[in-house]
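J.: Pasting the sequence and the predicted coordinates here, then a few questions.
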Amino acid sequence: MEFENEKIIYKNVDGLEFIQFKKLLEMGILNAYTLNCENIDFSFKRKDTASSYEKLCKALNLKEESILVPKQTHTDTVKCIKKIIPEDELIDVDGLITDKKDIVLASRNADCILFLFYDPIKKVIANVHSGWKGTFKKIAPKTVLKMQTNYGCNPEDIYCFISPSIRKCHFEVDEDVKDLCMEIFGFRTKNIKKYINNTKIENPTIADIVMSKGEIKNGLQKYNIDTVLINKILLEDLGIKSENIIDSGICSMCHKDKINSARVQGKNYKRAIAIIKL
């Protein structure tokens, strides 16, 4: 399987295909990210939703009632979980944190980034959904700050795992999003030097590094943005070690045959799910 490498392993259990981060498994942490396959869809209340969860639970030996799936709406809201809570308490939530062993944290995507965090010292996990809007709201670094404040985590101990998602090669935006990126990330950080390649801009900002001109379509200039790199820079700036940021490196559009992509599949796109459990 093309996704089997030093970072991830591929599995197929009764028609449910998924990948797992090896490092998390080595640390004893259950994790999975589902792939695009027939009759598997973790969208809300679709014809295959119930059976997809059944297959997931069977494949990973989970109890469905232990899986918490937030109703993601591209917010920067991160909720600390102490017990199983009803769905209506997870509305407009895009990140979950817990230190409880009997709770499965889930998030869903179809191009957006999903982050799995783990602190092996404090035994704390987090699962975060971050599309470009969540990235611009800095939900991933806000999650780390909440892990520090609420659980006493040290960023140097935290591991971050990055799911398959749309990458710079295909994340194309218009002038308005480009301008917003410049406005929000028009600053430098202490770790920015390592990401300065051949840019001719003197003292480049994060926005200068992560963004480039794309094609001109219908007379409009397009731009490409590396949202994964934005997050890496921000997380390292908080103190997460670069070697502890483990990226699947998989673009959802480059691998549209196996990764769900809203931009490829259109209006009725399917969603993948990522889970993590202590």
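T.: Now that the structure is in, tell me what you want to look at.
J.: okay, now the closest residue to Asp111 other than its chain neighbours: neighbour count?
T.: Distance criterion CB to CB, 6 or more residues apart in numbering; nearest residue to Asp111, sequence neighbours excluded, is Ile166 at 4.2 Å. Yep, even glycine has a C-beta here, placed from its N, CA and C like the rest. The number of residues packed near Ile166 is 27, by other CB atoms under 10 Å.
J.: Report the contact partners of the residue nearest to Lys241 when sequence neighbours are not counted.
T.: In this structure, Lys241 finds its nearest non-sequential neighbour in Glu156, 6.1 Å apart by CB to CB, 6+ apart. Going by CB atoms under 8 Å, 6 or more residues apart in numbering, Glu156 touches 239-241.
J.: Return the backbone torsion pair for Glu156.
T.: phi -70, psi -20 (degrees, to the nearest 10).
J.: Over to the one 10 residues further on?
T.: When quoted as degrees, to the nearest 10, the phi and psi of Ile166 stand at phi -70, psi 140.
J.: Need the outlier residue of this structure, farthest from its centre.
T.: Gly219 (33.0 Å; CA atoms, centre = their mean).
J.: mind checking how far that one is from Ile113?
T.: Distance of Gly219 to Ile113, computed by CB to CB, to the nearest Å: 31 Å.
J.: swap in Cys80?
T.: The spacing between Cys80 and Ile113, counted by CB to CB, is 21 Å.
J.: Compare the two and say which is more crowded by neighbours.
T.: Ile113 (27 against 16).
J.: how near is the more buried one to Thr135?
T.: The separation that Ile113 has from Thr135, given CB to CB, amounts to 7 Å.
J.: Determine the residues that are contacts of both of those two.
T.: With contacts taken as CB under 8 Å, 6+ apart, the residues that reach both Ile113 and Thr135 are 227, 231.
J.: contacts for the helix or strand hosting Asp208?
T.: Assessed by DSSP states H and E, Asp208 sits inside helix 206-210. With contact meaning CB under 8 Å, 6+ apart, helix 206-210 is reached by 168, 181-182, 184-189, 192, 195-197, 199, 201, 225-227, 229-230, 233-234.
J.: Identify the neighbouring strands of the helix or strand following that helix in the sheet and state each direction.
T.: Later in the chain than helix 206-210, the nearest helix or strand by DSSP H and E is strand 211-217. The strands that strand 211-217 pairs with in its sheet are strand 220-225 (antiparallel) (by DSSP bridges).
J.: Now find how far off-centre the strand it pairs with is within its chain.
T.: 23 Å (CA atoms, centre = their mean, to the nearest Å).
J.: Could you pull out the buried residues of that strand?
T.: 223-225 (16 or more other CB atoms under 10 Å).
J.: Let me know the closest of those to Lys58.
T.: Ile225 (38.7 Å; CB to CB).
J.: Please verify my assumption that the closest one contacts Asn231.
T.: No. Between Ile225 and Asn231 there is no contact, the gap being 11.6 Å when judged by CB atoms under 8 Å.
J.: Please identify the helix or strand for the most centrally placed residue in the chain.
T.: By CA atoms, centre = their mean, the chain has its centre lying nearest to Leu114, at 1.4 Å. Per DSSP H and E, Leu114 falls inside strand 113-119.
J.: Check which element follows that strand along the chain.
T.: strand 124-130.
J.: what packs against that next one?
T.: Judged by 3 or more CB pairs under 8 Å, 6 or more residues apart in numbering; DSSP states H and E, strand 124-130 is in contact with strand 95-98, strand 104-109, strand 113-119, helix 139-151, strand 272-277.
J.: Serialize these to CSV and add fields for mean pLDDT and distance to Lys63.
T.: Converted to CSV, the helices and strands packed on strand 124-130 look like this (pLDDT from 0 to 100; distance: least, CB to CB, whole Å):
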stretch, mean pLDDT, distance to Lys63
strand 95-98, 98, 15
strand 104-109, 98, 8
strand 113-119, 98, 20
helix 139-151, 98, 24
strand 272-277, 98, 11
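J.: Would you reformat the ones you listed as TSV and include distance to Leu30?
T.: Output for the helices and strands packed on strand 124-130, formatted as TSV (distance: least, CB to CB, whole Å):
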stretch	distance to Leu30
strand 95-98	13
strand 104-109	8
strand 113-119	11
helix 139-151	19
strand 272-277	4
